[in-house]
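A.B. asks: Fold the following and give me the result.
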Amino acid sequence: MAVTRDQVTELLDSLLVKYNKRFRPGHGETPLYIRAHILIRSMGPVTEIDMSYSMQLYYRQVWYDKRLAFNLGNITELQLNNKFLHKIWVPDTYFLNGKKSYQHDITVPNMFLRMRKDGRLYTSRRLTIRARCPMVLKRYPMDEATCHLNLGSFAYSTDDIFYIWAHGDESVEVTSVTMTQFEMMEIKVSNATLHRNHALYSILGVSFYFTRNLGFFILQTYLPCSLVVSLSWISFWINRDAAPARVLLGVTTILSVAAISMTVREGLPRVPYATALDIFLNVCLVYNLSALIEYAGVNYFTKTGPGDPPENEEDEYEITETEKALLPLDKMNTHTLEHVDAQNMMESCVAAPQPPSQTLKSKKYGGSCLNAFWNCLTGNTTYRYAKNATMDKERGLSVSRIDRVARYFFPLSFATFNFFYWYLYLTPRRF
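C.D. replies: From the prediction side, this is the model:
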């Protein structure tokens, strides 16, 4: 015999006559068990700036309410809309670490109820969850993120309600999820008990394990910065007298790396520690600064600019009679040396053959690398003029030994840094 709509309406009305939705099923008896199940439709984005992530899911839960058991012919289950849910008791489930989550209501509230004749109730809701996801960004962007989702009852303790996963470890299903920066590696579920307000509360947990995709950062940050650093090494092949070219190249590369650093840090929180990306960018900046400082050393040790000569006559360069005859009359008494190749800082560490007339001055102003470096920092004019007086004047504008060493030292040291950097941060580690 077919059941009419009027019979179903009469049944639902009769079930609600003496129904009190303010009390949970089995009030005052054993705790009520609520079985939960989650189907994730989409995931992301995971944002570092506010340490959160979002996802869209169907949250389903099952419980028994004997007050709604019925017997109506051959009907074993009724499927009802959201309006009937407002007339019965439903679990007050909430997400403990959620923030700005909401239920979809377009075009109508996206939820339904299935009621079986033995009092079994099954509900499904379409939700968008935004939850907190604390991250440690020390390995950023080679880091791994672990985001948790915890749910439980807002008011009922374990004396009234217990939450359990409906299908064990398979209770959280994921459809085809694609994210821009992250890749989901693993999902784990858990049951826990939370002590709060002098009572114990049943909590269900889901842990999402993500690993970050590195391709974007290689193309947009690592590769450009490495090329800019390599560009700064071109100055080692530029003539030492081309000061505007070498200085402009050094300043341009420094500003380029600084601009990239500012752009990258806009999407990161102001954490009190250095990330892996910060370390790389700062090292690139140091290499660009070092290339500019290297030219300052070349300029100091190999060129003497205009100015008064040292007061100590022993350190002055004396012009020979032959040289005086070759000079114009208006420059006959000038003791200025222009565009002469001199000994550089590296020659302070490695002895070089010198003319006999310059032996005393070489011994006096040779010394160690540390001595040369100290005189460079203090701007010792006497030392600088004396170093220029010991030069080989027949060599002309040859390449500075500092530049020669820098051509090998900078690329090799930067390659060594990259080897250890990528080996350290790309080593797999457990979540």
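A.B. asks: Going C-terminal from the helix or strand hosting residue 257, what's the next secondary structure element?
C.D. replies: Assigned by DSSP states H and E, residue 257 belongs to helix 243-265. Using DSSP H and E, the next helix or strand after helix 243-265 towards the C-terminus is helix 276-302.
A.B. asks: how about the strands in the chain?
C.D. replies: 32-47, 52-64, 77-80, 93-95, 102-103, 111-116, 120-132, 144-153, 161-165, 172-174, 182-196, 199-212 (DSSP state E).
A.B. asks: ok, the second one: who's next to it in the sheet?
C.D. replies: For strand 52-64, the paired strands and their directions (DSSP bridges) are strand 32-47 (antiparallel), strand 120-132 (antiparallel).
A.B. asks: can you redo those as a markdown table with mean pLDDT and mean neighbour count?
C.D. replies: Quick note: C-beta positions are derived from backbone N, CA and C, even for glycine. Formatted as a markdown table, the strands paired with strand 52-64 follow (pLDDT from 0 to 100; neighbours: other CB atoms under 10 Å):
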| stretch | mean pLDDT | mean neighbour count |
| --- | --- | --- |
| strand 32-47 | 93 | 18 |
| strand 120-132 | 95 | 18 |
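A.B. asks: What separation do you get for the closest residue to residue 110 other than its chain neighbours and residue 104?
C.D. replies: Of all residues not flanking residue 110 in the chain, residue 126 sits nearest, at 3.7 Å (CB to CB, 6 or more residues apart in numbering). Relative to residue 104, residue 126 is positioned 5 Å away (criterion: CB to CB, to the nearest Å).
A.B. asks: likewise residue 92?
C.D. replies: For residue 92, the distance to residue 104 - CB to CB - is 20 Å.
A.B. asks: same check, this time on residue 145
C.D. replies: Distance of residue 145 to residue 104, computed by CB to CB: 26 Å.
A.B. asks: Between the two, which is the more surrounded one?
C.D. replies: More crowded of residue 145 and residue 104, by other CB atoms under 10 Å: residue 145, with 23 against 14.
A.B. asks: May I have the residues that are in contact with the more buried one?
C.D. replies: 46, 133, 135, 182, 209, 210, 211, 212 (CB atoms under 8 Å, 6 or more residues apart in numbering).
A.B. asks: again, 7 Å this time
C.D. replies: 46, 133, 135, 182, 210 (CB atoms under 7 Å, 6 or more residues apart in numbering).
A.B. asks: So among those, which ones count as buried?
C.D. replies: Listed as buried from the contacts of residue 145 are 46, 133, 135, 182, 210; burial here means 16 or more other CB atoms under 10 Å.
A.B. asks: which among the residues you listed gets closest to residue 302?
C.D. replies: Proximity of the buried ones among the contacts of residue 145 to residue 302 (CB to CB) peaks at residue 135, which lies at 50.9 Å.
A.B. asks: Mind putting the strands paired with strand 52-64 into a markdown table with distance to residue 199?
C.D. replies: Below are the strands paired with strand 52-64 laid out as a markdown table (distance: least, CB to CB, whole Å):
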| stretch | distance to residue 199 |
| --- | --- |
| strand 32-47 | 16 |
| strand 120-132 | 23 |
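A.B. asks: That's all I had, so thanks and see you.
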